[in-house]
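Q: My questions concern the predicted model and sequence given below.
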Amino acid sequence: MHRLRIVSGPRSGESFALPDPAPGPITLGRGHDAAVRLPDDATLSRVHAELVREASGWVLVNRSQHGTWVGRKRVDDRRPLAPGDRLTLGETELAFEELPGAAPRPGHDPLTPVTPSIAAPPSLAGFDDDGVFHMGQTVLGVDPDAEGDKSFVSIGGSGRLPALRLKRRRLVFFGILGVLGLLGALLLLDRVVLPTARAHPDLFLRATLFALAPVLPCTLLIKALDRNDQIPWSNLLACICWGGTVGCGFALALNGLGGSTLARLTGEADVWGLTAIVVAPVVEEVVKGLAVLVLLRVLHDEFDNVVEGLVLGAASGLGFALVENVVYNVGFLARGGTHALLVMGTYRLVLNGLVGHPVYTAMTGAGFGLMRELHGRRGRWFAPVIGLALAIGLHMAWNAAALTLGARLAGAGAGLAMALQGAVVGGAGLAFFAGAWVLAQRRERRVLVAYLAEEVDRGFVAPEELRSFDRVLGRQRWELEGLRRGGLAAWRARRALRRAQVELGFRKWHLAQGDRVRGQRVDAYVLSARTRIRDARNRLRALEA
């Protein structure tokens, strides 16, 4: 790896790395067509010179009538460069330097790419003489094929950075959720809520309270699976609402349509069991899994990996299960009173609300998460198909076991039937979920450690912070240490710092795979994450001093 360091001129002291391998000739100048812009030097041509990577090394090519110098020799055409050469362009003098190569880390996971240099780092990152953490002035650039300004590095200048464009996307996402959620809620009101409330108002109220009372602990349990706290609460709660409204409402209508279609095809009036085994798992897993798909498509840059897919899928399944349990609880109360509600309602809460629907839909979410990880790779679309198929298969197995065991072990054997169903079918689903989560969070840990390792030298990640990413409960222990050092405010500052570091690591990872933000010449996500790290670092130093 090589770099150019500005020795003298308007931006003296700054530097930028030269990409290796280079995508093509790297032009230097003050104009927007230059890959490396130096807009503060008016003596430069718009495209003053270019650097070409050849087999023998880097070559400087003059593109300006004013000339380019290497040392005291004018370059009118081409000149090979050697480490230590001084280049003069207008009033700017640059040093061509070789960077020491990074040795591979012991035990490096071959599936985790070696830490890349995605964008030129702020050359002055660190603490100044007053103890204030800053970032330098280098603007981070990205896609050389983007429209408009083609600079991948812009030194200085007064151009306004593009906005993150998150507000509009979030409005679109929550607009879709609001419209479909309202339709689903109206379907539930018309077909279930109003008829049941009119017939059994007291039973309906008690059943609803019993079913929805555990929503907070269940939500916290699912959020705890988000090891690095990368999922915004708004996205998690949106998926729960989706499962409870869009999922339940549309599944109710589609299951009824599917049952009537089966009745016409088979000629039998009672096709309830066939509908439960064949139709319901397909319909319910599709409508629940749509929550993850819509979030992935609309809020693409807030969806990172398999862990996030698992958690968001489980959230959608939780919302569906809790609302569905209301209907079943009314039946338990009507047939067996409070005792039946306590026994059967608790059974459904544990097996259906925690092990059932959340586990099934988490498989679909894991498929979408794997597709996100395999950005640009051929065949990535098979991942969500396989995840959905696994979700449907587990759901079918559960419904089939419930009907089969319930019929064979009726009466005194009902308790044994429920225990067998929970242990065998529920245990299998839980094993799938646990295995997927363990593998996914290990992969997440390796990615974050690899892509944040180079940030240690830049000052955006401290060594002990990097080590905390590789430990069990490392985030929680590192954040809680802030309570001892600086109280609640320090704990909050550590949380903000940690979230920004996680975002920076994942964003660099996706950039390494070719991910881009459409229509932007600057990767505002990387810049935003580093800015928030800087601000949180300054607050933290003041609080823990």
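A: Nice, thanks for sending it over.

Q: Skip the chain neighbours and tell me the closest residue to residue 319.
A: residue 243 (3.0 Å; C-beta to C-beta, 6 or more residues apart in numbering). Any C-beta I mention is one placed from the backbone N, CA and C, and that applies to glycine too.

Q: need the helices for the stretch 301-450 of the chain, in chain order.
A: 306-340, 346-351, 357-373, 382-408, 414-420, 427-452 (DSSP state H, counting those that start in this stretch).

Q: Check these for me: which has the lowest mean pLDDT.
A: Across the helices of the stretch 301-450 of the chain, the stretch with the lowest average pLDDT is helix 414-420; it has a mean of 75.

Q: send the alpha carbons of that one over as CSV?
A: Only the C-alpha atoms of helix 414-420 are listed here, as CSV (Å, rounded to 0.1, in the frame of the first residue of the first chain):
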residue,chain,number,x,y,z
ALA,A,414,-54.0,-34.8,27.1
GLY,A,415,-51.2,-33.7,29.4
LEU,A,416,-48.8,-36.3,28.0
ALA,A,417,-49.7,-35.2,24.4
MET,A,418,-48.9,-31.6,25.2
ALA,A,419,-45.6,-32.6,26.9
LEU,A,420,-44.5,-34.7,23.9
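
Q: so what does that helix touch, helix or strand wise?
A: helix 382-408 (3 or more C-beta pairs under 8 Å, 6 or more residues apart in numbering; DSSP states H and E).

Q: To residue 43, which of the helices of the stretch 301-450 of the chain lies closest?
A: Closest of those to residue 43 is helix 427-452, at 38.8 Å (criterion: C-beta to C-beta).

Q: helices and strands around the closest one, which ones?
A: helix 306-340, helix 357-373, helix 382-408, helix 463-469, helix 474-512.

Q: which is the next helix or strand following the last one?
A: Remark: after helix 474-512, the chain's next helix or strand is helix 524-544, criterion DSSP states H and E.

Q: buried set for that following helix?
A: Neighbour counts over helix 524-544 (16 or more other C-beta atoms under 10 Å) mark 524-530, 532-534, 536-541, 543-544 as buried.

Q: and stretch 244-261, how far out from the chain's middle?
A: How far stretch 244-261 lies from its chain's middle: 30 Å, per C-alpha atoms, centre = their mean, to the nearest Å.

Q: whoops, stretch 329-339 was the one
A: Taking the mean of its C-alpha atoms, stretch 329-339 sits 42 Å from the chain's own mean (C-alpha atoms, centre = their mean).

Q: would you put the C-alpha positions of that stretch in PDB?
A: In PDB, the C-alpha atoms belonging to stretch 329-339 read as follows (Å, rounded to 0.1, in the frame of the first residue of the first chain):
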ATOM      1  CA  ASN A 329     -57.900 -17.700  25.800                       C
ATOM      2  CA  VAL A 330     -61.600 -16.700  25.300                       C
ATOM      3  CA  GLY A 331     -62.300 -20.400  24.400                       C
ATOM      4  CA  PHE A 332     -60.400 -21.600  27.500                       C
ATOM      5  CA  LEU A 333     -62.400 -19.400  29.800                       C
ATOM      6  CA  ALA A 334     -65.700 -20.300  28.200                       C
ATOM      7  CA  ARG A 335     -65.100 -24.000  28.400                       C
ATOM      8  CA  GLY A 336     -63.100 -24.400  31.700                       C
ATOM      9  CA  GLY A 337     -63.100 -21.100  33.500                       C
ATOM     10  CA  THR A 338     -60.100 -19.500  35.200                       C
ATOM     11  CA  HIS A 339     -58.300 -22.800  35.900                       C
END
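
Q: Identify the residues contacting that stretch?
A: Residues from elsewhere that reach stretch 329-339, judged by C-beta atoms under 8 Å, 6 or more residues apart in numbering: 196, 200, 203-204, 206-208, 210-211, 340-341, 344-345, 348.

Q: go again using 6 Å as the cut-off
A: With contact meaning C-beta atoms under 6 Å, 6 or more residues apart in numbering, stretch 329-339 is reached by 196, 203, 204, 207, 210, 211, 340, 341, 344, 345.

Q: ok, these vs residue 365, which is closest?
A: Set against residue 365, the nearest of the contacts of stretch 329-339 by C-beta to C-beta is residue 211 (23.2 Å).

Q: you'd agree that closest one is up against residue 324?
A: No: contact criterion C-beta atoms under 6 Å: residue 211 and residue 324 do not qualify, at 8.4 Å.

Q: one step back: which of the helices and strands packed on helix 427-452 sits closest to residue 439?
A: For the helices and strands packed on helix 427-452, proximity to residue 439 was assessed by C-beta to C-beta; helix 306-340 is nearest, at 7.9 Å.

Q: Pull out the buried residues from that closest one.
A: 306-333.

Q: Equivalent analysis for stretch 189-203, please.
A: For stretch 189-203, burial by neighbour count (16+ other C-beta under 10 Å) applies to 192, 193, 196, 197, 200, 203.

Q: Distance of the residue nearest to the last one when sequence neighbours are not counted relative to residue 210?
A: Spelled out, that is residue 203. With sequence-adjacent residues excluded and distances taken as C-beta to C-beta, 6+ apart, residue 203 is closest to residue 333, at 4.5 Å. Distance, residue 333 to residue 210, using C-beta to C-beta, to the nearest Å: 9 Å.

Q: Identify each of the helices in the stretch 101-250 of the chain and give its residue range.
A: When secondary structure is read from DSSP H, counting those that start in this stretch, the stretch 101-250 of the chain shows helices at 166-188, 194-199, 201-212, 215-224, 233-242, 248-266.

Q: where's the first one relative to the chain centroid, distance-wise?
A: Relative to the centre of its chain, helix 166-188 is centred 20 Å away, using C-alpha atoms, centre = their mean.
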